[in-house]
Structures are given as structure tokens and as C-alpha cells.
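Let me see the structure of the following:
(chains A and B)
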Amino acid sequence: MTTLAGNDDAWPERLAAYRAQLDCRFPQIGEVFEASLLDALSVLSPAGVGAYLDTGRFLGGMGRGVEPVLAFLQEWPSIARILGEEALPAINDTLQLIWKSPNGKAISPFLQTLAAVARRLPERAQMQRYLELTLELMERTSSSIHGIHKTFASPGLPDFFAQAPTLLGSLAIGGLRNWVDYGIRNYANHPERQRAYFRLQLADSRAVFQRERQGTLLVDQQRPLDLYLRALWGDSAQLVPYATAVDPAADSPRTSPALPALPYYDATGIRLPDVLDDAHGISGVDRYRASLAHIAGHRRWSTPLFADNFSPMQRMAIESFEDSRIETLILRRYPGLRRIFLALHPRPVEGACRPATESCLRHRLTMLSRALLDPEHGYQDASLREFVARFAQTMAQGEASSEEIATLALAYVARTRRQSDQLANVHFTDTVIGYRDDNRHLWRFHELSDDEEMFEQPPTTATPEVDRLPPRHYPEWDYQSQSYRPDWVSVYESLHPSGEAATIDRLLEKHTALARRLKRLLDLLRPQDRVRIRYQEDGSELDLDIAIRSLIDFKSGATPDPRINLSHRTNGRNLAVLLLLDLSESLADKVSVGDGEQTVLELSQEAVSLLAWSIEQLGDPLAIAGFHSDTRHDVRYFHLKGYSERWGDPVKGRLAAMQAGYSTRMGAAMRHAAHYLAAQPAEKKLMLILTDGRPSDVDVQDERLLIEDARKAVGELDQQRIFSYCISLDRRADEYVSDIFGGRYAVIDRVDRLPERLPELFMALTR
Amino acid sequence: MSKPEQFKVHDEPFYQPQRNEVALYEAAYAARLPVMVKGPTGCGKSRFIEYMAWKLGKPLITVACNEDMTASDLVGRYLLEANGTRWLDGPLTTAARIGAICYLDEVVEARQDTTVVIHPLTDHRRTLPLDKKGELIHAHPDFQLVISYNPGYQSLMKDLKQSTKQRFTAFEFDYPEAALEATILVSESGIDATIAAQLVSIGATARRLKGHGLDEGISTRLLVYAATLIKGGVSAVDACRMALVRPITDDRDIRDTLDHAIDATFA
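Below you'll find the model as predicted:
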């Protein structure tokens, strides 16, 4: 280790020698060089200092201005303190590679945030993965127009470096990798979007970020926590997450740099942090439970007080005492929670706060609060001990009340008051009790303030007429990354416009012969609720005819038939059907039928009408819906027939008005249809999909993508116990349809026979 | 042993009245009105009927109904013997003959066509036609029909017909109040009152989740099981998990919540 040489006589000389080694004549360097060098000398070996200056020289000489050198000179010593100076070569290599690419502008942001990144990734192996990730990102997002050499800089790289410390605050390096990977794959060819993604400004950028976060996410625990609140506290409220990392200023107005946002509740629900890590040996979900227990306690036992008569100090004390009262009551009910509260409650050190220079009220109150929770607090302070006793006395008589506890709190403030409590320099260490709420519910105000929010409400602008329902969002499966793209597709649903019902009647007339044949088949299928089963050895009743015959056999010495009973079996059909029609452009194709021509659309109308008529005869609940899509932002889902509707003129009218257009984003439509079918009470659920081509959409280049997504959707349906079956009119469907539906499909080669095949298929499926 | 004698309840069953149901039942029996007892599972319906049969000194014939039960399971059927057929009375016919209280437990489980056979017994006729045998039985003056019915968990498909419902007078049972339930636990299992109160509070916890993933809350019967286990030396936490939580749910979230409630209650 080089001696620290600030007051050495030879220092100016050595300083000059070092400066010469750096060989860099930017004037700004002079301002920071000596301080940085002293810093470096204190951590680096002589060889390390040499390497430090060499790298500095390289950065100064590469023609990117002074910023990279300055950033490096200032940041490196603190990085080396964390990672060790042996980390330099790897970082040097990375720098070289960035420099050789067209991404020179990203060097400064890289170096500026490297120290912060190093603090999050103190292991050298992790840092190495970060560097590799960086290079991969650069490689895959830099583009070129001609030839092999990359000529355009990566648009997102500088933004990525700027965000890296924030991201690593919440993500592990593996999670960061997935996040980056998602961005590259989806926004590689869109510079503006890419930049927005890496700045965390896009919705799905945040969504993926949330998905990759460590710790317990509130969204994952909604149901258990709802159950907890309901079961243990007989309470229920909306649980609303507030963001804790992405933009800290968003949700809670009480946020300040020193204090993390606290949970709170108001009329609209209980607000909790969106994610909690395990801490102090308490799991994330137990931390949520602790917060909920505390809040539920307030909701049960606290009454609001008028705030106007109290000073801020007094209010703080009342809040603290009230919190302790609530927790005492909670522990009476559920003593097992003490372990969790104790682990989460900070344990302020007695005497850590110096009253001469700091405001100690927070510290005193937290100590008292600890003492009220923890019988083995070990604090010596006389007034603290006295108030612990008085508190116990107050609580011994019952539940006490917010007013009673306020009186006690005021007495405490009066007793322990110090001049220094007014100081601006507040002692915060160990005084934040993170699971408690911010007690905003505890105060009422006599005088409504004339803050800006009390001004006259701005006149509400007339809401624009909505011509359709708000969209529902569905994820889409990305097979390359084996992950869902969250909320990727917007599905708009509406009732299909109506046409003339007589058209359908005319079409059906054409098929009277077929209808008669179907009718015969249907009669066979029609459920007969109780079916007699004869020839049973065990059964509910004696079948007298057989019994007598057996008896005669027996008496005449022949072997009697022992199967003399009969029993009954119920044979009900308990089936709900949803028929999903692909209404894409290709439906308008013409095919030759007999001696004339018909569009596939007309044939579909005939087939669907016959099928609907057949199913109506059987009495199974049936819904019919159609869909087409125009990019992922606009998938349209039309209701043609609802479950409660009869097969009548309104439905026929809608069927008659069916039109072909746009593309086939099948997965989203199936997910939406499943949402309706799953709500049906039937035992068996069948989704029939009538389509004439492969899933595709104009905004998707990759042919496999929508096929894989549809296949995933089929898997999801299976999990919901919905049986899906595809009827394809595409002769070349064999290439992909079995990938999607497995063996559950039928390809109808002769489209002109669709009207008779469709009802037959249905009957075969449900026989 | 004579037939009525074998169906008698000989020892007094433990029953803790919740309100005036004992007197009301006696009045109903005096008029031989059919009775329906409603309420969640394990709240003491069957115990109540057993107790009343003991108190009134009448035989009690209990039939647990199920989906496969047919009318002939209730009324009776022909059996085949070496020399021909023989008629065997079903439990309902036996009760009508000997003057017993016939208790059809969980009657909605039986198919609707089965429940119709009780109709002529439950109005002014008090007769039971045995159509296969060609006999019309006039019910014994002591005969009374009681059904139990749990309105909680059935689907729409399983509900009693109005024509069946309107033949009965009804008692609605619910889990006893906390204090009463604790006394029941103490007298049934002999554990001490503090633990009984804690068990009851856990029971209340689960009952609040009914309809949120639980079909039924923790019944008094299960609480008695837990208390018995604790009395037998099992630790409270284990006994509760085993007797209260594991039987009623397979849902992970609910299980965790209830486990947490147990940990929080028994510190």
C-alpha cells in the first residue's frame, strides 16, 4: 500500500509524475485529480495505481471528451473498494469493446453508474455477468444498414446504464437479464420505443419489471391476504398496492427521502407496498399480515380525534401511543403475532440520540413503543418506565379509548419535553416502524383548510360518447422466451349488428332434407333422464319377469340366471357449447358448389344455422361468437348468440349480417371466449372453433408466434376443463392445426359439404 | 328383542339446548307434525333428534340418504326365496308400523322421485301405500317423520321441492354462540375453558371464510375432535391443524390463512 502522502514534502513532485502518467490535458481534470488520486492511493496497490492511470489515459485519448475520464477517475476508487482492483481488466475490456463499436456515447453513463451498480453486485462473478449483459445488449441493439460492421449506435444503451442502479435495487442479475432480453426482443427495430422501454416508461417495461422482482408481490398474495383479513378480523377492504421502487413519489404524499412510504387506508381501500422482501427472519407475506393486523386493529378500535387543538409534536405522540394501544389489543386476541411485531419493530439504542444537537422526540417515542411491545426492553430511562406502567394501568381496565390514550400521550409529551425537540435535525435512525400505517385516519379537522384542493372543483368536461365497451386485456405467449407478454392484446367486445332474419330462414329451407335426417339422429341423442338397466345381479328392484323365469329354471333343475334385478341410471346431458367463428378476410373466398359458386361465408352461415338449430333441439346451452383482429390493439369479439337467448329472429338476424374482414388472432379470442364458457355451470364444456386459415395478424411477422400462442391458449382451456375442438376449412391445415389442437380437429376438404358435416361432427363429439 | 325396543335410545345423549327448541319439538310431536331441521353440517341436528327421541321415549330409525337411494330402499322390496318371493319392509315402512320417529338425514341428497314417497305420510292421511304389494299402511299413532336439510352446500339442482318443503315445520340450527360452544367443548371432551375458548375463536375465523373458498365453516363436531385430541395429549397447534384445517380444505391459501390463525391464537 502506498503511503498516504498529503503532507509529504515530495508530494507535489509525485503528484506531477502521476499527472504526467495520466497524460491528459483537459483543464477540468486538474480540479479533481488530486482528491481522486489520494482516494485511489488509499485503496490501490502501486501496480493498481498504475493501471488506474493507464485506463484514465486511454479514456482521455479516445476522443470522447473529458466526461469519461472524469467519471472514471472519480468512480474507480470506490468501485475498487467493493470489488477489489483485480476487477479492472474485465471492465477495461468492456470499455474497449464499447469504444470500438459505434456506442462511444454510452461510455460516460456506463462509468457514472458503475459504482452504484457495484454496490448492488458486490461479487465479482455477478459484476462479470452484468458486463456480459451490457455487451450483449449493445451487440443486439446496434444495427447496420450495409455489410458486417455495426454503424448505428444502440438507442437504448445509455438509458439502460442510467436505470441500471434502480433496476438492480429491485432485481437480481438474472431478473435484470430477463428484463433486458424482453426489451431487445420486442423493441429491437423501434428506436423510440426501445429508448422508452429502457427508461421504464412503457407499460410493459414496468409490467415485466414487476414480474421479475424479488420478494413477495402484493398482487400474488391478494387472495391469501383477503382471506386473512376476513378470517381473522372479520373485515374486508380493497387492497391497493403502491409503488415502492419504480417511482417513489407516486402514491403516498408523505414520502420524503428519509422515510419510506407507509401503508395507509382511506375510504377507497387499504394501501400496501407493492412488494416486500423477507426481513428480520419474517417472510414477506407475514410482513403484509402484520400491516393488515395493525390496520384492522385501527379500523376496529380507533376513533378519530380533532387535530386542531394539538401541536404536531403532540399529534405524533398520540399516534404512537394509539399504535401501541392497538397492538396491545391485537396481542390479547392473537398472542402469536408478538413474534412478528417484535422482529419488525426497530429497537432504538438508548442514548443513541444526542439531545444537544438533534430532535429526539421520534427516538423517545419509538423507544417507548418498543418498551410497550417488548417486556424485556431493558431501557433504564425513568420516565419511560413510569409511562410503561401507566399505560399498562390504563389498558388493564379494558380496551381504553383513543381519547383516554391521547390524555396519556399528552402527559408524556409534557413530562419529557425538551427545547431541542423543535430542531430541524431529527434523529431518524431506528425510528421507522414500517408495518404501521401513517395514522391519517386518526385525525379530523374542525376548520377545513383552504388548501388548493378545497377550491371549487373544475367543471367536469362531458365524457366523450363511448361507442364500445372498454377493452379487456389478455396476455400473449411468446414461444421464443417461453414467457407471457403481459396484457398484450386488447379485446373489444360488442353485439354483432343485425341483418335480415329471413335470409337465414331461406338458407335453412334449402336444407330441409338434411334437417329431416338430422332430426332423426337428434331424437336418438335426446337425453332420456332415467334409463332402466336390466339383468343386474345387484339392483334396486326385483325384475319380476326375469325372477320368475329364474325360479322356474331353478325348480326344474336348470342353472338359474342370477341377474334378476334391475336398476336405473340417469342419462342427462350436462353440456355447454360455445361456437367461435373466425370472421377473417379469407372467409370471402368463393368455392364452387354443384353448378354454381358460393362464398365460404355463406356456407358457414348455413352450417352454423343448422348446428344452432340442432343444438337447440337437444336443449344444450349454446353461445355463438365471432372474431377478427386488426393488430394486437384491436381484436374484435362479436356476440352472435348468448346462452340465455333462444334460436330466434334476433339471432338469425345477426348471423345474416356476418361479414368477412381483417385477420385471425385466435389465441386472444379463445381466451376471451373461455372467460364466458368457464362461467357456465355445466359439467362438460365444449368450445368449437370454426376457422379457415392459420392464426395470423398484420403486426406479426413471425409465422410461428400466433400458432404457438393459440396452442398455449388451448392448454389454458384444458386447465379450465374446457374441451376445445377445431373445424378447419383450410386444406393445408395439417401443417399447423395439429400443433395447436393436438388430435382434436377435423379438416373439411370439401367446403361445400360443411352444412351437413358440422352438425354431424358435433353429434359425434357429444354422443 | 321386540322391534320397537331395538330402535330405542337407551342412554341420554349429551345435548346443550341453544334456545327453547326442546319445548317446541315436544309441542310438534304432541301434534305429530312432521319436522324439518335445517343447518350447517356438524352443528348438532342429529344429536338433537337423538336427544328428543330419548326424552320422549320413542324408537328412532335413522336413514342416511344418498344419491343412489331409490324409493324401494325407503319403502321396501320383494326378495327372492327358495319358495317364491318375500316382502321386506324398508325403514320408512317399519317406522310407520311400529310407531317410531323416522329421521331421514340429508334428505336432499336423495333423488327427487324418492322424496315424493313421503308425501302421503306427511299430511292428514298419514298413510303409506305399498303399490307393489297392494297394501295401504296406516301409520301408527306414535309415528313421526323428521328430515334434516342443509341449505348451505347444495347446487341449484339439489333443493327440496316446494311441495315437499311445505309439509314440514322447521327448526333452523346454527353453530352455537361462542360461550355456549365453549361449554359444549368442555363437557364433551373435558378440556379446560381457556383452550375451549381459543378453539371456538379459531372456529369463528374459519366460519367467516364461508363462501370465500370454504363451503362450510369448521363445525362444532370438528372442534370437539380437536378438543379430544388436545385432551389426549396432542399439542394444541398440531391438534388444530389435524382436526380443524386439513379436513375442510385443499385450498393452499385458505390452509395457510387458517394455520396462521392457529399460530397467532396459540402463542
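
which parts of the stretch 51-200 of chain B sit against chain A?
When proximity is defined as C-beta under 8 Å from any C-beta of the partner chain, the stretch 51-200 of chain B approaches chain A at B:Asp68, B:Thr70, B:Ser72, B:Asp73, B:Arg77, B:Tyr78, B:Leu79, B:Leu80, B:Gly84, B:Thr85, B:Ser155, B:Leu156. For every residue, glycine as well, the C-beta is placed using N, CA and C.

Which of those ranks first by neighbour count?
B:Arg77 (21 neighbours; other C-beta atoms under 10 Å in any protein chain shown).

name the element that one belongs to?
Using DSSP states H and E, the element containing B:Arg77 is strand B:76-81.

if we look at that strand, which residues are touching it?
With contacts defined as C-beta atoms under 8 Å, 6 or more residues apart in numbering or on different chains, strand B:76-81 is touched by A:540-542, A:544, A:547, A:550-551, A:564, B:85-90, B:93, B:130, B:132-133.

buried ones in the lengthiest helix in chain A?
Longest helix of chain A, by residue count under DSSP state H: helix A:312-333. Applying a neighbour-count criterion of 16 or more other C-beta atoms under 10 Å in any protein chain shown, one finds A:313-331 buried in helix A:312-333.

swap in stretch A:369-380?
Neighbour-count burial for stretch A:369-380 flags A:Ser369, A:Arg370, A:Ala371, A:Leu372, A:Leu373, A:His377, A:Tyr379 (criterion: 16+ other C-beta under 10 Å).

Residue 244: what's it in contact with?
Looking at chain A here, since you left the chain open. A:Thr244 neighbours (C-beta under 8 Å, 6+ apart): A:Pro260, A:Ala261, A:Pro273, A:Asp274, A:Val275.

The chain in question should be chain B.
With C-beta under 8 Å, 6+ apart, B:Leu244 has these contacts: B:Leu199, B:Ile202, B:Gly203, B:Ala206, B:Ile218, B:Leu222, B:Leu223, B:Ala226, B:Leu258, B:Ile262.

Torsion angles phi and psi at the first one?
Backbone torsions of B:Leu199, given as degrees, to the nearest 10, read phi -60, psi -40.

Nearest residue to it in space, please, no chain neighbours.
In space, and not counting its chain neighbours, B:Leu199 is closest to B:Leu223: 5.2 Å by C-beta to C-beta, 6 or more residues apart in numbering or on different chains.

doesn't that neighbour fall inside a helix?
Yes - using DSSP: H, G, I helix; E, B strand; the rest coil, the assignment for B:Leu223 is a helix.

can you pull the pLDDT of it?
B:Leu223 carries a pLDDT value of 94.

Excluding sequence neighbours, find me the nearest residue to A:Ala673.
A:Leu580 (5.0 Å).

what does the helix or strand harbouring that neighbour rub up against?
Using DSSP H and E, A:Leu580 sits in strand A:575-582. Contact with strand A:575-582 is made by A:604, A:608, A:611-612, A:615, A:620-628, A:640, A:643, A:658, A:664, A:666, A:669-670, A:673, A:676-677, A:680-693, A:762, A:766, as judged by C-beta under 8 Å, 6+ apart.

Identify those among the residues you listed that sit within strands.
Among these, the residues falling in strands (DSSP state E) are A:622-628, A:640, A:684-691.

For chain A, which residues are neighbours of chain B?
A:223-224, A:226-228, A:230-232, A:234, A:285-286, A:289, A:333-339, A:540-542, A:544, A:547, A:550-551, A:564, A:568, A:681.

Go ahead and build a ChimeraX selection from the buried members of those.
To isolate the buried ones among those in ChimeraX, judged by 16+ other C-beta under 10 Å, type:
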select /A:223,224,226,227,228,230,231,232,285,286,289,334,336,337,338,540,541,542,547,550,551,564,568
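
ok, which stretches of the stretch 401-550 of chain A are helices?
Ranges of helices within the stretch 401-550 of chain A are A:402-416, A:501-510, A:512-525, A:544-555, based on DSSP state H, counting those that start in this stretch.

Leaving out the residues flanking it, which one is nearest to residue 184?
Went with chain A since none was named. A:Arg140 is the one closest to A:Ile184 (C-beta to C-beta, 6+ apart), at 5.0 Å.

you looked at the wrong chain, it should be chain B
Sequence neighbours aside, B:Gln16 is the residue nearest to B:Ile184 in space, at 5.1 Å (criterion: C-beta to C-beta, 6+ apart).

ok, back up a step: which neighbouring elements make contact with the next helix-or-strand element following the strand holding A:Leu580?
Per DSSP H and E, the first helix or strand lying C-terminal to strand A:575-582 is strand A:590-593. The contact analysis (3 or more C-beta pairs under 8 Å, 6 or more residues apart in numbering or on different chains; DSSP states H and E) places strand A:590-593 against strand A:596-599, helix A:600-618.

Mind doing that once more with 7 Å?
Judged by 3 or more C-beta pairs under 7 Å, 6 or more residues apart in numbering or on different chains; DSSP states H and E, strand A:590-593 is in contact with strand A:596-599.

Okay, now the unreliable bits of chain B?
Along chain B, segments meeting pLDDT under 70 span B:1-2, B:152-159.

and chain A, what are its domains?
Per the record, chain A has its domains at A:11-212, A:216-444, A:501-524+A:574-766, A:529-570, by automatic domain parsing.

nearest to B:Phe168, of these?
domain A:529-570 (26.0 Å; C-beta to C-beta).

ok, back up a step: can you tell me the helix or strand for the residue nearest to A:Ile184?
helix A:124-141.

Show me what that helix is packed up against.
Packed against helix A:124-141 by the contact rule (3+ C-beta pairs under 7 Å, 6+ apart) you find helix A:88-100, helix A:157-170, helix A:173-187.

Looks like the residue nearest to B:Leu199 contacts B:Ser201 (just checking).
No - if you go by C-beta atoms under 7 Å, B:Leu223 and B:Ser201 don't touch, sitting 10.4 Å apart.

Cheers, nothing more for now.
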